[in-house]
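Trainee: A structural model of the following input is requested.
(2 chains)
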Amino acid sequence: MSSQVPNDLRYAKSHEWVRVNGDVATVGITDHAQHELTDVVFVELPNVGRKVRAGEACAVVESVKTASDIYSPVSGEIVGVNKAVADNPALVNSSPFGEGWFLQVRLANAAEVEGLLTPEAYRAQIGV
Amino acid sequence: MAKPIAEMSIESVTLELPDVKTVRLRWPEGYDPGEFKTGQFITVSWPHKPKYRRAYSLSSCALDRGFFEVTVKRDGKMGTSVVDWAEAGDTMIVIPPTGRFLPVFDPPGKHLICVAGGSGVTPFRGFVREATARGLDTRITILYTVRTTRDIIFADEFRELEAKNPKFKFLVTCTRLAPEDPWAGRRGRITPEWVRSFVDHPADTVFYACGTNDMVEAVEHLVIHDLGLPKEQMKTEKWG
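Mentor: Alright, predicted model coming up:
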């Protein structure tokens, strides 16, 4: 089954997605990533208020297959985390672009978003 | 028929490296796992913490009866819990073997080139144990990348199997050794050229890659794009 790559998002090579609303970026992992991970059993989220740089590990996702770091695609301050996904990690599998989001970052440098992969470029990366 | 999920007692825990242990799970009385094959994985969890659940490749082989062995690295909550907590006499819940990462022993005469990184070497222990125990003429070459010589899992066992089985070769490359380290083996990452140097007859070669996504994808690229071989000759297990 081919993975979904919504057109209204930007992507990191490490398979996170970013949805920008004003100066806040919501971050999650892609449908392709959740397929590769298989059943997610744990999500560990950072504390609100933490400052992150683009490319910095800021969360952990563990599936029945592996444990992986999640990298913030953008720099800024973490202003929200999705407690629902920590309580119910299966949301990452069932709704990777919706209820399965991980965290929200107040952008320190909005231009970083433009440097992320377009949907076309991400589709080319994952071969769909 | 659905395979039975069973509670199994941990018979032994063997320290392989400071952060890697092999856990032997004893089949309970009357347990029948049905037909299973070397290279498959089992899914284990703790009875008191069912969310702690992980699939691990068997490091034992299908000829080993009465127990399953998995070799676990200390990572994530589950890997950490197994390495830190597991003791002989503990109980784990085990979903029986499944998976398609299988050695091609039939037809005979194949050359299996098995590329592994870190704990990705664990299923290949099963491959070699079975081939050696059965006296097969299948060639197996393991190309194993680790950071340093202290990170080689099953080093002694693979050397012993190499001595018993002339069709088996175990080659290690270290990526982060100090220049003054006395290691006489290969250094540096696995490269397409190194893998390619072991391919004599592409049509009779089956490639396996188990390790990080980057490593597995690089081997896939080599096999499918550079060597132009069909996907059926490439079998992968990705993680991380």
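Trainee: Let me know whether B:V115 touches B:T212 as I believe.
Mentor: No - assessed by C-beta atoms under 8 Å, B:V115 is found out of contact with B:T212, at 11.2 Å. Every C-beta, even on glycine, is put in place using the N, C-alpha and C of the backbone.
Trainee: out of the two, which sits in the busier spot?
Mentor: B:V115 (28 against 17; other C-beta atoms under 10 Å in any protein chain shown).
Trainee: can you give me the mean pLDDT across stretch A:119-128?
Mentor: Summarised as a single mean, pLDDT over stretch A:119-128 is 94.
Trainee: Spell out which residues make up each domain of chain B.
Mentor: Per automatic domain parsing, the structural domains of chain B span B:6-98, B:111-238.
Trainee: Nearest to chain A among the ones you listed would be which one?
Mentor: domain B:6-98 (2.7 Å; C-beta to the nearest C-beta).
Trainee: and the end-to-end length of that closest one?
Mentor: End-to-end distance for domain B:6-98, by C-alpha to C-alpha, to the nearest Å: 15 Å.
Trainee: Helix or strand: which one has A:G98?
Mentor: According to DSSP states H and E, A:G98 maps onto no helix or strand at all.
Trainee: For it, the count of nearby residues, please.
Mentor: 9.
Trainee: Mind checking if stretch A:12-28 is in reach of chain B?
Mentor: No - for a cut-off given as C-beta under 8 Å from any C-beta of the partner chain, stretch A:12-28 has no contacts with chain B; the smallest distance is 9.3 Å.
Trainee: Buried residues, that stretch. List them.
Mentor: A:12, A:14-20, A:25-28 (16 or more other C-beta atoms under 10 Å in any protein chain shown).
Trainee: Share the number of residues neighbouring B:P166, please.
Mentor: Residues near B:P166, counting by other C-beta under 10 Å: 9.
Trainee: secondary structure class for it?
Mentor: coil (DSSP: H, G, I helix; E, B strand; the rest coil).
Trainee: just the one 5 residues further on next, same as before
Mentor: Assigned state for B:L171: strand (three-state reduction, three-state DSSP).
Trainee: Show me the beta-bridge partners of it.
Mentor: Applying DSSP bridges to B:L171 gives these bridge partners: B:L143.
Trainee: List the contacts of it.
Mentor: B:141-144, B:185-186 (C-beta atoms under 8 Å, 6 or more residues apart in numbering or on different chains).
Trainee: so, in contact with chain A or not, the longest helix seen in chain B?
Mentor: Identified as the longest helix of chain B according to DSSP state H is helix B:122-134. No - using C-beta under 8 Å from any C-beta, helix B:122-134 stays clear of chain A, coming no nearer than 13.4 Å.
Trainee: Nice, that's everything, thank you.
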